[in-house]
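In: any chance you could fold what I've pasted below:
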Amino acid sequence: MSGSSRRQTRRSVLVAAAGGEVTDPKGDAKCLLDQPAALEALQFWQDLIWKQNVIPQPAQASALGSGNQFDRALTAGERNGSWLIRTYVKDNPALSWDTHPNPIGPSGKRFTFHTTDSYLMFKNASSGAPDAAWQLLRWVSGLEWG
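Out: Below is the predicted model of the structure:
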């Protein structure tokens, strides 16, 4: 796995799959990373790095250089989102890759990472420039949008 997958949001999926929570669902002011399920998930992540050598250690990741190690075929996998598929195809068309779901955790459940960095656009029927609105919508939902 590439070193770029070390973000907190990626680890929170592991915590949920272990049956834990990152913060108290009743109020985000209380951190729950000291609870057994969360500690189990975080230990699993650390073991992938330091015991099983599945994820590059910090010095190894640094030696691989900046940028995405997976699309440069320097790592065997990457835990990331569908937003990078376009990058993989563009940056390395010869790269052979596939996708898979997150594993089922000790809780018996599979959890998925979702972001909030999306957007919604609506075409207003009473717009003064309906053709321009459609042109913009086609562009942001097409292959040219990066």
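In: how close does residue 73 sit to residue 80?
Out: Taking C-beta to C-beta, to the nearest Å as the measure, residue 73 falls 15 Å from residue 80. C-beta: built from backbone N, CA, C; applies to glycine.
In: show me which of the two is the more surrounded one.
Out: Neighbours were counted for residue 73 and for residue 80 using other C-beta atoms under 10 Å; residue 80 has more, 20 against 12.
In: quick check: phi and psi at residue 63.
Out: phi -70, psi -30 (degrees, to the nearest 10).
In: what of the one 5 residues further on?
Out: Note on residue 68: its backbone torsions stand at phi -80, psi 120 [degrees, to the nearest 10].
In: remind me which residues of the protein are low pLDDT?
Out: Per-residue confidence for the chain (pLDDT under 70) gives these ranges: 1-10, 113-127, 140-146.
In: what ranges do the helices span in it?
Out: Per DSSP state H, the chain carries helices over the ranges 8-17, 36-50, 58-63, 85-91, 130-140.
In: got JSON lines for these, with mean neighbour count and distance to residue 97 too?
Out: Formatted as JSON lines, those follow (neighbours: other C-beta atoms under 10 Å; distance: least, C-beta to C-beta, whole Å):
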{"stretch": "helix 8-17", "mean neighbour count": "19", "distance to residue 97": "18"}
{"stretch": "helix 36-50", "mean neighbour count": "16", "distance to residue 97": "20"}
{"stretch": "helix 58-63", "mean neighbour count": "12", "distance to residue 97": "20"}
{"stretch": "helix 85-91", "mean neighbour count": "13", "distance to residue 97": "6"}
{"stretch": "helix 130-140", "mean neighbour count": "12", "distance to residue 97": "25"}
